[in-house]
Structures are given as structure tokens and as C-alpha cells.
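Participant: missing the sequence, but the structure's below:
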């Protein structure tokens, strides 16, 4: 029977990682994979995470099963981190998931249980796995305009026109901050306009919040999500702890379902627990315990916030340096968008042929749509990248 399986297309980013590893050149630069790296190219364990694990090792007495939906301490900590004072526990269902990807999958499963005929509106472009998951689930996907290739900013007029076509029962997927793959984000005023459109259409927003703390700060990066939550009766939020806690391999995420009333919250909580049981039973415990320990322990939380801020500000400095280098080499300000973008990623606007040349001639690896991981750079490699960008004619 298994011989009837069809070959699956390789994930492009994972394939790029393999190609990079096989490249024997010294000085090659990996800007493809979406993980944070320090200036030495290492993805470190955050100080507070390491300290939390030490405390857990000393205090844990069992490895028995935990809660089917996750632990209440994790639910509370993540709800407060994401929604702040706007958290309403009595109307919020929460689910611990296998990473942010698991939260997206369970959110889509939950929405399909509520409306089997839904359509999902996603930005053009978006994280490739969004559409891959939806296609695998057989969900109708409708893209909405988002990235302006000319300005490398948001095509907000196009976005508004397209999401206005959604109707009640549809899902509109929004990036909460640090848009992947472009780095171009909505302003506070634009978030308010999006909320008004969603109010008018009755569509259900699903916010993918994978990079809170990587853009303008923990509070600032949650502002769009909080505004939507304050305006709409129902909101889904899929959050990842991989980036802001640096616990990629622990696969720690959560799904929040903000409901109109307590009765609906109970229905959603039951359905979400059911989905976990059908998919993988109990969610991973270790990473969630790290997060709740850090967020609920004042000294660990303070140290985590300080280190996260250093990571964020470091990426901003890299952006500013790259924009300045490109300004000097090009004699123009056409690359200043790099400094305006936020998060780990920017889309440069290079053609696939230019991306291939940058890889072949300079040993610099980026995704085919010219998305680069800013955190893959350091002060020494920025001039190399800038020269390559200019020499291939971007």
C-alpha cells in the first residue's frame, strides 16, 4: 500500500538549508532559515530560559500527563502577554499547541468545525506554510493584496479592497507584527481601518503572532492584536514562543479564541480540547513550563525582557547599517525600506535570477522571493551583502 504514495515536493527553505550546508566555500552567508542568530551565527539559549530550566529540574517530581489543553499557568501567562489588560478569561478559550504552526492548524480546524464552507483570506505574500496547510486541508484560499513591490511597503488600498470581499463565516488571516516574508507592517491607523472592515463584513480574524517583541517592543507588537480584540466579538490568535523565548525545538505555542460570551467560550474550549485529543492528545509540557516560569517569576521576567530588547535593538542596528551601506553604494535612498521594516525579515525585491546570482557569485543564500533574515547578518557581512545586491542590479 505504501508504494502508492506520491513523492512530495521538498520544502523550499529546508532544501535551501541543505544546499547551504553542502556549499564548501568559506565565508558563505545563510540568510534563508528563519531563526534568530547572534553575531557569531549561533542561536543561543536565553539566560532566563536556562535559569527557568534549572529551577524546574530542582522542583519537578513527576513526568505524568499534564492538561489536555495545557496548563492554566501557561494559559494565563500567554493571555496576559498577548492581550495585556484586555484579557477577559471568562470569554477566552486557550489551547497549548505544538508550536505556532500547531496553533495555526488547530485554529483552522476549529474554524472549519464552526463553518465547513469557510474561505480563508491570506496576504500576498504570506508565510508559505500557511497556504500549504490550507491546501492540505482542502480549504478554499483567497489571497489579498499586501506588498507593494515598488515601495516595498504595504499596498493598503489593495488590502482594504480585497478583505472587504470576505463575508460572515470566512476567516481573514493577519500577521500580528513583523510580517513574514516582507517585514512591511500596518500602522496603528491602518489596523483601525482593518478592524472597521472586519466589523462590517462579519469575517473572523485569525492573527498569527509569531514575533512579539522582535519589532517595536513587546507592547507595541501586540497593539494591532489588542485593537482587533477590543473591536470584534470573536477573534482567533495563534502565538508562537519559538522566537521571543528562543525555544524553537521545544515546539511551544498557543491558540486563543476570544468569544462573545461565556457559553460560547465553553463550546470553543471543549472543541479545542477535542482537537488536541484527536491530533496528538497532550501538548508538549516542557516549553510551556519554561514560558510560564519566566513570565511569572519577577527576576526571570526582567532578565528575559532585557535580553529580548537587546535582540530587538540589535536587529534594528543591522537594518540601519544595511540601509546606510546600500545608500552609499547606490547613491540613492531606494533601499531605505530595509530600515523601516521590522522583525527578522525583509523582502528585497530581487528577481529569482538575481537571487540565484547572489548565491552563485557571492555565496549568499536567501529564499527565492528575495526574503532575507536580518538576524543572519553581522557588521562584517553587511558590506558583502550590500555589494552583491548592487552588483547584480537589484
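Facilitator: Happy to help now that I have it. Computed from a prediction, not measured in an experiment: that's the story for all the values here.
Participant: Strands along the stretch 101-250 of the chain, start to end?
Facilitator: Applying DSSP state E, counting those that start in this stretch to the stretch 101-250 of the chain gives strands spanning 120-124, 141-145, 147-148, 153-154, 171-175, 204-209, 235-240.
Participant: For residue 69, find the nearest of the ones you listed.
Facilitator: strand 235-240 (14.7 Å; Cβ to Cβ). Every C-beta, even on glycine, is put in place using the N, C-alpha and C of the backbone.
Participant: Show the subsequent helix or strand relative to the helix or strand containing residue 14.
Facilitator: Per DSSP states H and E, residue 14 falls inside helix 12-22. Using DSSP H and E, the helix or strand that follows helix 12-22 in sequence is strand 29-30.
Participant: from the chain's centre, how far out does that next one sit?
Facilitator: Relative to its chain's centre, strand 29-30 lies at 21 Å (Cα atoms, centre = their mean, to the nearest Å).
Participant: Burial check on residue 345, number of neighbours?
Facilitator: 24 (other Cβ atoms under 10 Å).
Participant: Please name the residues that touch it.
Facilitator: 34, 178, 179, 180, 181, 182, 183, 371, 372, 373, 374 (Cβ atoms under 8 Å, 6 or more residues apart in numbering).
Participant: coming back round to it: residues in contact with the helix holding residue 14?
Facilitator: Here helix 12-22 has contacts from 28, 30, 32, 33, 34, 128, 365, 367, 368, using Cβ under 8 Å, 6+ apart.
Participant: Buried ones in that helix, by neighbour count?
Facilitator: 13, 16, 20 (16 or more other Cβ atoms under 10 Å).
Participant: mind giving me TSV with the residues you listed and columns for distance to residue 140 and pLDDT?
Facilitator: Listed next are the buried residues of helix 12-22 as TSV, based on distance: Cβ to Cβ, whole Å; pLDDT from 0 to 100:
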residue	distance to residue 140	pLDDT
13	25	87
16	29	92
20	35	95
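Participant: and of those, the nearest to residue 231?
Facilitator: Using Cβ to Cβ, these come closest to residue 231 at residue 13, 34.5 Å.
Participant: need the contacts of residue 345 in CSV with pLDDT, neighbour count and distance to residue 341, can you?
Facilitator: Formatted as CSV, those follow (pLDDT from 0 to 100; neighbours: other Cβ atoms under 10 Å; distance: Cβ to Cβ, whole Å):
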residue, pLDDT, neighbour count, distance to residue 341
34, 89, 22, 14
178, 98, 26, 9
179, 98, 28, 8
180, 97, 23, 11
181, 96, 25, 11
182, 97, 28, 7
183, 97, 26, 3
371, 96, 25, 11
372, 97, 28, 10
373, 97, 23, 12
374, 97, 25, 8
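Participant: Looking at the residues you listed, which is nearest residue 41?
Facilitator: Using Cβ to Cβ, the contacts of residue 345 come closest to residue 41 at residue 373, 11.4 Å.
Participant: Disregarding flanking residues, what is the spatial nearest neighbour of that closest one?
Facilitator: Nearest non-adjacent residue to residue 373, counting by Cβ to Cβ, 6 or more residues apart in numbering: residue 31, 4.9 Å away.
Participant: What of residue 33?
Facilitator: Residue 33 sits nearest to residue 17 (Cβ to Cβ, 6+ apart), 5.3 Å away.
Participant: gap between the one you found and residue 346?
Facilitator: 19 Å (Cβ to Cβ, to the nearest Å).
Participant: Check residue 160 too.
Facilitator: Counting by Cβ to Cβ, the gap from residue 160 to residue 346 is 23 Å.
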